[in-house]
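Enquirer: Here is a sequence together with a model predicted from it:
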Amino acid sequence: MGGTVSANHDRSNLLEVRGLTKIFGTLTACDHIDLNIAKGEIHALLGENGAGKSTLVKMLFGSLEPNSGEIFWDGKPVKITSPGVAKKLGIGMVFQHFSLFEALTAAENIALSLNDGSPISTIAAKARALSFSYGLPLDPDSLVGDLSVGERQRIEIIRCLLQTPQLIILDEPTSVLTPQEADKLFETLERLRSEGKSILYISHRLEEVKRICDRATVLRHGKVVGHCNPREETAASLARMMVGSEVKAVVRAPAEGIETAPALLEIRGLSRKPATPFAIPLKNINLTVRAGEVIGIAGVAGNGQGEFFESVSGEVLQHDAGSVRIRGKDAGGLSITGRRLMGAAFVPEERLGHGAAPRMKLSENLLLSRHATDGKAFVGSGGTVKNGAVYSAAQRIIKAMDVRKSAPDPEAAALSGGNLQKFIVGRELDRRPSVMIVNQPTWGVDAGAAAHIRQALIELARSGSAVLVISQDLDELFELSDAIAVIHNGELSTPLPIAEATFEKVGLLMGGAEPGHAEHSLEVA
Amino acid sequence: MRIELVKRPQRSALFSMLSPFIAFALTIIAGAIMFALLGVNPLSAFEIYFVEPISQVWQLHELAIKAAPLILIAVGLSVCYKANIWNIGAEGQFIFGAIFGSIMPVLFPQFEGPLVIPLMLLLGMVGGAFYASIPALLKTRFSTNEILTSLMLVYVAQLFLDWLVRGPWRDPQGHGFPQTIQFGDSAVLPELMPDAGRANWGFVFALVAAVAIWLMMSRMLKGFEVRVLGSSPRAGRFAGFGFNKMVFFAFLLSGALAGLAGISEVSGAIGQLQPVISPGYGFTAIIVAFLGRLNPLGIVAAGLVLALTYLGGEAVQSALGISDKVARVFQGMLLFFVLGCDTLIHYRIRLIGMALTKPKGAALEAAPKLGEAR
């Protein structure tokens, strides 16, 4: 490996990357990356968050300019200076975050990106034909706003395929899909491979990489740490390559005597009208979380998780005070501060801008959620802030959660996502809350930190608290939960005890196979 | 050659401090060009503008008189702007403070004694706060844009004052001049050092307000609330701070301080109500707030600088025959350059050769272009 440049490139490689480097300020996001993608292979790009996968892909798609290095397309050196150039070469990309207009139809969205002046009806017909031939059924005339996340991804894929690319880059495509939808996607990918097309498949889900990918390139801290055949590796050996060390497995002691434990969080017939035209209404949600247990809420993104979290946290109040009860008392009419004072703690999905103020120091961000619950410790007479006490409490949390940082009390935005998340979770754990509600506890967090956070949540529950975890990561929920409920289209299913839950059962619920308890929904209307 | 702005990894503490000084230097350069175009020697013009007006003790008192309302108003506005709430209507709140405070001397001139001044000041604050509550109410109830409503209410206040002094409150013995009666002795804000100059207690109020607000913003939970809601409203809501309450708090506080400035000006410097009681203090205070980095202590310094532009404007008018609107030009340029220089806090400038020649800033090559994702 290294920067050796030879004149005779293997024509069987569709894409060849030599020594590609991208530097942001003092951070080398990609450090002399070498990568070959053969014709007709599914090539996995593996790595933790922040390993440089996105940066690499952006350079291949022309949205970032490399500082040095070479790219060969079909054996010839090329400079990919813009996404337009990439498309012309035959590189197509399906992004993790969709770029679709919700108020337009699927065909209109496709027409916007093709931008070749052909009439919508022609595009719609082409899209329909293509979608059926690849087993990705799609109605081009439907409004994007009405479609599920999986269907939206199909639009992105069809849009990409309409440009007849030779190489298709997929960025974490299954993170928004149910297991069944993912299976369908894999069939499509295999079909594309059999047609001789190449696929660069970015993921951190090891099982699916083992299942569909022919070769894998593993990145760590911006460097290639190895190429391998994922079929010959185990999930554990792949994880070791990604992380660079063993990841401690999370231990979940069996919960005992849960049935008789007091219900610390009760949600009774919680409904909420959509706040915006594309928001999800909550429909008659019922859930009980008892002392000592972890309940997981699974669901595809955008099925009402955010709305549910806001309602339970008290950022949005309920008309019916009894619809949210904390430690046996009505809390529906109380603000987030009131609910915190009853013993509840909350960790939202968005770290920067919701769970933490980006431009404020960690100690100030500690005060953010605890100025009321720890009023005596942190706020003195006349409303003055006891900076010393806040600072030392912040240091205590930093130590307990092993938060890595560059300064004693840095701004929240200066921390990596995983370290900030450890701080935000630690900030709430430090209170020993009796009810803890977490939305996406380890989203974008590296494996080591994720294991740390999950273990801490389980230990909190086993010490007698009620823990509710909302997550899109099924592996995580199966690791953490004593029972798993599924949110779909604003409705919550009855929780499945972990002993009875399987990926397949939960996956079916995520796809809306069985509306949780439709018999109640009449009462609300 | 082209110029690019390159985002800094962190905000620069150096330029955060230097920016007002660079802005001031640029204002001086632009001002020199302006004077030269007017056919005046820039050096002597600057001496008349910036040096002569503060060369004697009584002139420093005049400076304090001009600076007091600017500082009082700007300190209140700094709280608004830190909370990301845009009160542009301090001029109107200033006028309403003056009107409310003047109720005592105009309608109850027979009421005299040491209680008159405290009552007037209190009423002034109530008047300013009342007038500021209107845009706050409109914003929280109907989501109107407070920039527009507070600004438009300035003109309402100006015309209301105009009507008052020409109509119901006009001095019957005033030979038809549009003004109220002269305030009685007990309704005049005392001078600090009557032997040395005219400066009154208004300047002390300004300093006290600056220190108090500085303490609140840096040491108290309320200040933390202002900063959180201003910098990330969603995190503020997560913290349990109400945005609507903050809108009222910021408007009422800044309105009360503007109202205090209004009644202090009328009771101290003018001595009666007349159609025009402010040379645009409420607007100039916006410049003061930004020039002072929205920091109350910085605002005290900035207030003195801007007060000097008023005195200088009067001085060049009498000495050189240039319109005193030149003061407005200087104020405008100063705000323009301050906002421009603030870019340097978050960005640095990079020159790039367009031709084949190697860029001079090769060491900076590694930096990402503006707008690139990290």
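Expert: Thanks, I have the structure now.
Enquirer: quick one: the strands in chain B?
Expert: B:2-7, B:347-352 (DSSP state E).
Enquirer: Among those strands, which comes closest to residue B:49?
Expert: Residue B:49 lies closest to strand B:347-352 among the strands of chain B, at 30.1 Å (Cβ to Cβ). Backbone N, C-alpha and C define where each C-beta goes, glycine included.
Enquirer: Backbone torsions only: list them for whichever residue of chain B sits closest to chain A.
Expert: Residue nearest to chain A within chain B (Cβ to the nearest Cβ): residue B:240, separated by 3.4 Å. Reported as degrees, to the nearest 10, the phi and psi values for residue B:240 are phi 90, psi 10.
Enquirer: quick one: contacts for it?
Expert: A:335-337, A:340, A:371-372 (Cβ atoms under 8 Å, 6 or more residues apart in numbering or on different chains).
Enquirer: restrict those to those near chain B?
Expert: Near chain B, judged by Cβ under 8 Å from any Cβ of the partner chain, the entries from those are A:335-337, A:340, A:371-372.
Enquirer: Spatially, which two of those are the most separated?
Expert: Based on Cβ to Cβ, the longest span within the ones next to chain B among the contacts of residue B:240 runs between A:335 and A:371 and measures 13.2 Å.
Enquirer: Could you list the low-pLDDT ranges of chain A?
Expert: For chain A, the stretches flagged by pLDDT under 70 are A:1-11, A:513-525.
Enquirer: List the contacts of residue B:52.
Expert: Contacts for residue B:52 were tallied using Cβ under 8 Å, 6+ apart; they are B:315, B:319.
Enquirer: oh, I was asking about residue A:482
Expert: Residues in contact with residue A:482 (Cβ under 8 Å, 6+ apart) are A:255, A:258, A:293-295, A:461, A:497-498.
Enquirer: ok, 6 Å please
Expert: Contact analysis of residue A:482 by Cβ atoms under 6 Å, 6 or more residues apart in numbering or on different chains lists A:255, A:293-294, A:498.
Enquirer: Just among these, which is most surrounded?
Expert: Using other Cβ atoms under 10 Å in any protein chain shown as the neighbour criterion, residue A:294 leads these with 28 neighbours.
Enquirer: I'd assumed residue A:461 was in contact with that residue.
Expert: Yes: contact criterion Cβ atoms under 6 Å: residue A:294 and residue A:461 qualify, at 4.7 Å.
Enquirer: hang on, the earlier thing: tabulate the strands of chain B in TSV, adding columns for distance to residue A:234, mean neighbour count and mean pLDDT.
Expert: Shown next, in TSV, are those (distance: least, Cβ to Cβ, whole Å; neighbours: other Cβ atoms under 10 Å in any protein chain shown; pLDDT from 0 to 100):
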stretch	distance to residue A:234	mean neighbour count	mean pLDDT
strand B:2-7	43	13	80
strand B:347-352	48	14	81
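Enquirer: Make JSON lines out of the ones you listed and add distance to residue B:327.
Expert: What follows is the strands of chain B, written out as JSON lines (distance: least, Cβ to Cβ, whole Å):
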{"stretch": "strand B:2-7", "distance to residue B:327": "32"}
{"stretch": "strand B:347-352", "distance to residue B:327": "31"}
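Enquirer: Mind putting these into CSV with distance to chain A?
Expert: CSV is the format used below for these (distance: least, Cβ to the nearest Cβ, whole Å):
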stretch, distance to chain A
strand B:2-7, 9
strand B:347-352, 11
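Enquirer: Can you tell me, leaving aside adjacent residues, what's nearest to residue B:323?
Expert: residue B:317 (6.6 Å; Cβ to Cβ, 6 or more residues apart in numbering or on different chains).
Enquirer: Near the one you found, how many other residues are there?
Expert: Quick note: residue B:317 (other Cβ under 10 Å) scores 16 neighbours.
Enquirer: That one and residue B:69: what is the separation?
Expert: Separation of residue B:317 from residue B:69 (Cβ to Cβ, to the nearest Å) stands at 21 Å.
Enquirer: For the ones next to chain B among the contacts of residue B:240, which single residue is the most surrounded?
Expert: Busiest of these [other Cβ under 10 Å] is residue A:340, holding 27 neighbours.
Enquirer: and which of the ones next to chain B among the contacts of residue B:240 is nearest to chain B?
Expert: Out of the ones next to chain B among the contacts of residue B:240, the member with the shortest distance to chain B (by Cβ to the nearest Cβ) is residue A:337, at 3.4 Å.
Enquirer: What strand or helix carries the closest one?
Expert: Per DSSP states H and E, residue A:337 falls inside helix A:336-341.
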